[in-house]
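K.L.:
Here is the input, now give the coordinates:
(chains A and B)
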Amino acid sequence: MDEDLIAGHLQELRRGTVVLACLTTLAQPRYGYALLETLAEAGFAVEGNTLYPLLRRLEKQGLLTSEWNTDEARPRKFYRVSPDGAAVLDQLMTEWRSLDAAIGSLDGAADRGDTR
Amino acid sequence: MTARNNTNTKTKSTLADRYIHTVTRHLPTDGRDDVARELRGTIADAVDDKTAGGLTPEDAEREAVTELGDPITLARSYGGRPGYLIGPGIYPDYIRLMRVLPAIVLPLVLVANFIAKATTSDEHWGSILLEAFLLMLSVAVHLAFWVTVTFAIIEWSRPEEERNRPLDSWNPDQLAEVPGRGVGLGETIFGAVFAVALAAIVAWQFGGVGGNAIQVLNPDVDTVWQVALVVLIALDAVLAVLVWRAGRWTPVLAALNVATNAASATLLLWLLSRDELLVADLPGQLEEKFGWSADWSVPVGLVGAGIVVVAAWEAIDSIVKARRDAGGAVRS
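P.N.:
Okay, the predicted model is just below:
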């Protein structure tokens, strides 16, 4: 099987889930690099060049709020979920669960040989 | 520790500086500094992690920057300018316009220029044709260029969220006819323009070209036949428009087409047989103009055969199309 082909399909499948992962994780304020590490530790590897622009886009859409923390020598921009973001997260999560259930039932139907 | 670390990264941060500069240069001015500041912190964090893992600061920085990838690609995902002139959202509109516009504009330019030149200047018609062709070429290049520039400006000035959307929502009226059935707009325009241009040239020749132009048709043909011939040729343009409006060659239109072609061919052959169609001294004129030998006469048989072939071709073509279209189309 072609490795690139599989990688391409996996990437397509993961694309939308990055937003879900970010909104879920950012219930606690985090800065970009810390979020990248948290996601990687959870087994959700995201490239920095995908994540950092995405954070700004979500902020622009009002789903995240941000704040510069200059207490330390290295200033960091902390992001957290806004009330709007929380509402969107709820809907995305519902959709994710129903998709999972739908795929699961299709898979089960295929196993039973139930092809109508 | 943090302070030392800070000065440390500062002296070694040329690569990061260059990277951040390249990214932000391609961003809109507002928010540029914010992105730069955040990127700087992010790269520094990554470098710290990598040096803690055993890399030298130089290697760590190189690796951190490499992981972020091409700065222009990154700038694009930050909402910079798109990396193309015309994106998939407006490409269909672009292609539609690029097809329709030249098909309308170019024949108009060609005919207008030809008529203007033929009536006001006494240049040789060959050079008028050549000039018209060159003009058409330059108009075509201009059209393509300016349409492209306009679409690129539209694309580049649209907000990022709208980039993949078309300008107008598509509607079914834009569907083109299935080829082979209906008659295309381009085909119609070409046919009509060709007929009008031919009629204009014939009228001009009958009127006496004067000056340096070559007189091919005999201006002394009886005025009745002159007018009849020009009208018969011009009727082809009217027929082309009627066919387009009907959407196909109907039997009536095909019959009309056969009739006009037969009439003009008969008239031409009759004039040719009486030695009235062409001027007598054509070889002499050509000798004067191009220095060709005048030692030949116009092959009347060949000209006659040419007239028959062209007229028959046109007539048969319309009959074939009418028969083919009668199969699928609803008779009116």
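
K.L.:
quick one: the helices in chain B?
P.N.:
Under the criterion DSSP state H, helices of chain B are mapped to B:2-12, B:14-25, B:32-52, B:57-68, B:71-77, B:91-120, B:125-157, B:185-206, B:223-246, B:251-273, B:282-290, B:300-328.

K.L.:
wait, B:Ala315 sits on B:Ala263?
P.N.:
No: using CB atoms under 8 Å, B:Ala315 is not in contact with B:Ala263, being 10.9 Å away. In short, each C-beta sits where N, CA and C put it, glycine included.

K.L.:
which of the two has more neighbours?
P.N.:
B:Ala315 (19 against 16; other CB atoms under 10 Å in any protein chain shown).

K.L.:
can you list the residues of the stretch 51-200 of chain B near chain A?
P.N.:
B:Glu67, B:Leu68, B:Gly69, B:Thr73, B:Leu74, B:Ser77, B:Tyr78, B:Gly79 (CB under 8 Å from any CB of the partner chain).

K.L.:
Check these for the minimum pLDDT and say which it is.
P.N.:
Note: of those, the lowest pLDDT belongs to B:Gly79, at 78.

K.L.:
pull the longest helix from chain A.
P.N.:
Longest helix in chain A, counting residues (DSSP H): helix A:83-111.

K.L.:
can you pull the buried residues of that one?
P.N.:
A:Gly85, A:Val88, A:Leu89, A:Leu92 (16 or more other CB atoms under 10 Å in any protein chain shown).

K.L.:
which residues does the nearest residue to the second one once chain neighbours are set aside contact?
P.N.:
What sits nearest to A:Val88 in space, not counting adjacent residues and going by CB to CB, 6 or more residues apart in numbering or on different chains, is A:Leu63, at 5.6 Å. Neighbouring residues of A:Leu63 by CB atoms under 8 Å, 6 or more residues apart in numbering or on different chains: A:Leu23, A:Val81, A:Ser82, A:Asp84, A:Gly85, A:Val88.

K.L.:
measure A:Leu63 to A:Thr17 for me?
P.N.:
15 Å (CB to CB, to the nearest Å).

K.L.:
With A:Asn69 instead?
P.N.:
A:Asn69 sits 28 Å away from A:Thr17 when distances are taken as CB to CB.

K.L.:
can you check B:Val147 too?
P.N.:
For B:Val147 relative to A:Thr17 (CB to CB), the value is 40 Å.

K.L.:
Of these two, give the one with the bigger neighbour count.
P.N.:
Between B:Val147 and A:Thr17, counting by other CB under 10 Å, B:Val147 is the more crowded of the two (16 against 13).

K.L.:
pretty sure that one is in contact with B:Asp93, am I right?
P.N.:
No: under the criterion of CB under 8 Å, B:Val147 is not in contact with B:Asp93, lying 10.3 Å apart.

K.L.:
If we look just around chain B, which residues of chain A are in range?
P.N.:
So chain A meets chain B at A:31-34, A:47-50, A:52-54, A:56-57, A:60, A:68, A:72-77 (CB under 8 Å from any CB).

K.L.:
The spatially most central residue of chain A and A:Tyr52, how far apart?
P.N.:
Chain A has A:Val18 as the residue nearest its centroid, 2.3 Å off, counting by CA atoms, centre = their mean. Look at A:Val18 and A:Tyr52: by CB to CB, they are 12 Å apart.

K.L.:
Could you do B:Val147 as well?
P.N.:
Using CB to CB, B:Val147 is found at 37 Å from A:Tyr52.

K.L.:
coming back round to it: could you give me the average pLDDT of the longest helix of chain A?
P.N.:
91.

K.L.:
What is that helix packed up against?
P.N.:
Secondary-structure packing of helix A:83-111 (3 or more CB pairs under 8 Å, 6 or more residues apart in numbering or on different chains; DSSP states H and E): helix A:17-25.

K.L.:
who's in contact with the residue positioned nearest the centre of chain B?
P.N.:
What sits nearest the mean C-alpha location of chain B, by CA atoms, centre = their mean, is B:Pro102, with 4.0 Å. B:Pro102 is in contact with B:Ala140, B:Leu143, B:Ala144, counting by CB under 8 Å, 6+ apart.

K.L.:
The last one touches B:Arg99, doesn't it?
P.N.:
No: checked against CB under 8 Å, the pair B:Ala144 and B:Arg99 is beyond contact range at 11.4 Å.

K.L.:
Tell me how many other residues crowd the closest residue to B:Val23 other than its chain neighbours.
P.N.:
Among residues not flanking B:Val23 along the chain, B:Pro71 sits closest, at 4.4 Å (CB to CB, 6+ apart). Here the number of neighbours of B:Pro71 (other CB under 10 Å) works out to 20.

K.L.:
Give me the pLDDT value at B:Pro71.
P.N.:
For B:Pro71, the pLDDT comes out at 91.

K.L.:
Repeat that for B:Lys12.
P.N.:
Listed pLDDT for B:Lys12 reads 50.

K.L.:
cool, and B:Arg331?
P.N.:
Reported pLDDT for B:Arg331: 43.
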